[in-house]
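Colleague: generate a structure from the sequence data that follows.
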Amino acid sequence: MNCALPQLRDDNWTSMRSYMQAVSGCLDRIWTRQFKKMHSSYIPPKRKYLAKRIKVSACDGLTPSKGAYGVYCPSNKTYYVLAEPSTWRSYNGMWAAHLVAHEHGHYIQDLMHILDYQAELDSKAKDQKEMILTENRVEDQTGCFAAAALQATRKTLPSWPEFISRYKTEKELKPYGHWLTRGFDSGRLGSCNTWIASKKDIDVISVNCR
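Modeller: Numbering: from 1, shown residues only. Here you go, the predicted model:
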């Protein structure tokens with residue numbers, strides 16, 4: 001798809017918010033097309049763009065939680081993305097696009113009942129390690145979904161190689177980077193089945209959004 005994104009300006013919240021809104025609009029068109037292929041209807045999620053954390057009862061308090069820049073709340077079908085003043089930079093376009101696409105991906109998992117499957121596995125988990133592994137399968141799959149969707153707009157997005165380089169060099173991010181690469185290189189959701197992947201190909205740490 002040809003996705004026209006506005007120019008990001010330094011130190012400008014309106015510019016960052018407009019950019020994230022444009023990315024989100026592109027994702028709606030991409031996922032509408034994908035769901036149509038599955039003979040299913042797509043209803044866009046609600047979304048909030050924040051310059052600072054806020055309290056949301058549907059998300060159990062501070063949103064996003066400290067240390068995270070995004071969160072999806074199934075109870076109100078809304079995702080929240082945080083872009084603090086320090087991120088309002090013209091070179092942060094790919095970071096912002098990935099952040100929005102990642103949380104959008106959680107909404108897609110909700111529509112496809114993958115989050116229900118996660119809850120089922122959690123209820124059967126023997127210990128905390130099993131629950132963390134399940135959570136990271138969810139997160140890695142979301143990253144793969146995000147990258148596959150962004151691949152469809154690659155002609156107008158900022159540099160992907162520059163963005164993904166961090167995930168190839170930092171040890172703790174390599175598993176997540178592996179799934180980003182799978183999604184972006186293939187552009188296919190079929191490449192995102194983290195549920196059959198071995199443990200070594202799944203993140204060993206638990207984070208809300210990279």
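Colleague: list the residues that contact the residue of the chain positioned farthest from its centre.
Modeller: Distance from the centre of the chain peaks at Lys126, with 27.9 Å (Cα atoms, centre = their mean). Contacts for Lys126 were tallied using Cβ atoms under 8 Å, 6 or more residues apart in numbering; there are none. In short, each C-beta sits where N, CA and C put it, glycine included.
Colleague: just the element for it, please.
Modeller: In this assignment (DSSP states H and E), Lys126 forms part of neither any helix nor any strand.
Colleague: with Glu120 instead?
Modeller: According to DSSP H and E, Glu120 maps onto helix 114-124.
Colleague: what's that helix packed up against?
Modeller: The contact analysis (3 or more Cβ pairs under 8 Å, 6 or more residues apart in numbering; DSSP states H and E) places helix 114-124 against helix 128-151.
Colleague: quick check: angle from the helix it packs on to helix 114-124?
Modeller: Per axes from the mean of the first three to the mean of the last three Cα atoms, to 10 degrees, the angle that helix 128-151 makes with helix 114-124 is 170 degrees.
Colleague: residues of helix 128-151 that come out buried?
Modeller: Buried positions in helix 128-151, judged by neighbour count with 16 or more other Cβ atoms under 10 Å: 131-151.
Colleague: would you mind writing the CA trace of that helix as CSV?
Modeller: What follows is helix 128-151, C-alpha atoms only, in CSV (Å, rounded to 0.1, in the frame of the first residue of the first chain):
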residue,chain,number,x,y,z
GLN,A,128,5.4,-18.4,36.7
LYS,A,129,8.0,-19.5,34.1
GLU,A,130,5.3,-21.0,31.9
MET,A,131,3.1,-17.9,32.1
ILE,A,132,6.1,-15.7,31.2
LEU,A,133,6.8,-17.9,28.2
THR,A,134,3.2,-17.7,27.1
GLU,A,135,3.3,-13.9,27.5
ASN,A,136,6.4,-13.7,25.4
ARG,A,137,4.9,-15.8,22.6
VAL,A,138,2.1,-13.3,22.5
GLU,A,139,4.5,-10.3,22.4
ASP,A,140,6.8,-11.9,19.8
GLN,A,141,3.8,-12.7,17.6
THR,A,142,2.5,-9.2,18.0
GLY,A,143,5.9,-7.9,16.8
CYS,A,144,5.7,-10.2,13.8
PHE,A,145,2.2,-9.0,13.0
ALA,A,146,3.4,-5.4,13.3
ALA,A,147,6.3,-5.9,11.0
ALA,A,148,4.3,-7.8,8.4
ALA,A,149,1.8,-4.9,8.3
LEU,A,150,4.5,-2.3,8.1
GLN,A,151,6.1,-4.2,5.3
